[in-house]
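**Student:** coordinates only, sequence not included:
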């Protein structure tokens, strides 16, 4: 069954609260990483990726805040998310969106592997025909 309107609103508010909380935590960690970088320390690959993701999230937050601040503009958010799916910061993604993104990446990798396998088989046939 469908959840009542009040429960859906509460769930949505919790989602945004958790997203902002995670973004704040990521920002604090990223600030420490920048401080370490400025003092000559080297970041690991994992730390560097986290710093880049957090920086990108902060830049994505600016257009997202327009939807939050301007009254009734949040009703247009689904339309803009359909047009620009990477507009939301990563801390605001739901599990289903993350799984869908992973599924799309996996399908693309499988298609690429299939293409490469077919190409190698075709090259092997040509080489065999040339030598034989």
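**Tutor:** On my side now, so go ahead. As the structure is a prediction and not an experimental result, all values here were calculated from the model.
**Student:** Residue ranges of each domain in this structure, please.
**Tutor:** 1-41, 43-87, 93-131 (the TED database).
**Student:** what's the closest non-adjacent residue to the residue most central in space within the chain?
**Tutor:** A centroid search over the chain (Cα atoms, centre = their mean) returns residue 90, at 4.9 Å, as the residue closest to the centre. Closest residue to residue 90 apart from its sequence neighbours, by Cβ to Cβ, 6 or more residues apart in numbering: residue 57 at 5.5 Å. C-beta coordinates here come from the backbone N, C-alpha and C atoms, glycine included.
**Student:** biggest helix in the protein by residues?
**Tutor:** Counting by DSSP state H, the longest helix found in the chain is helix 95-131.
**Student:** Show the average pLDDT along that helix.
**Tutor:** Helix 95-131 carries an average pLDDT of 90.
**Student:** go on, stretch 51-63?
**Tutor:** Mean predicted confidence for stretch 51-63 is 90.
**Student:** Of all the residues in it, which ones are buried?
**Tutor:** Neighbour-count burial for stretch 51-63, counted by 16 or more other Cβ atoms under 10 Å, picks out 51, 54, 57, 60, 61.
**Student:** Of those, which belong to strands?
**Tutor:** Per DSSP state E, strands hold no members of these.
**Student:** Which ones among these map onto helices?
**Tutor:** 51, 54, 57, 60, 61.
**Student:** Which element, helix or strand, includes the nearest residue to the second one once chain neighbours are set aside?
**Tutor:** Take residue 54 and drop its neighbours on the chain: the residue closest to it by Cβ to Cβ, 6+ apart is residue 30, 4.1 Å away. Using DSSP states H and E, residue 30 falls within helix 5-38.
**Student:** and the residue nearest to residue 90, what does it touch?
**Tutor:** 23, 26, 89, 90, 91 (Cβ atoms under 8 Å, 6 or more residues apart in numbering).
**Student:** Ok, residue 48 next?
**Tutor:** If a contact means Cβ under 8 Å, 6+ apart, then residue 48 has no contacts.
**Student:** In space, what's closest to residue 3 - neighbours in sequence excluded?
**Tutor:** Sequence neighbours aside, residue 11 is the residue nearest to residue 3 in space, at 7.4 Å (criterion: Cβ to Cβ, 6+ apart).
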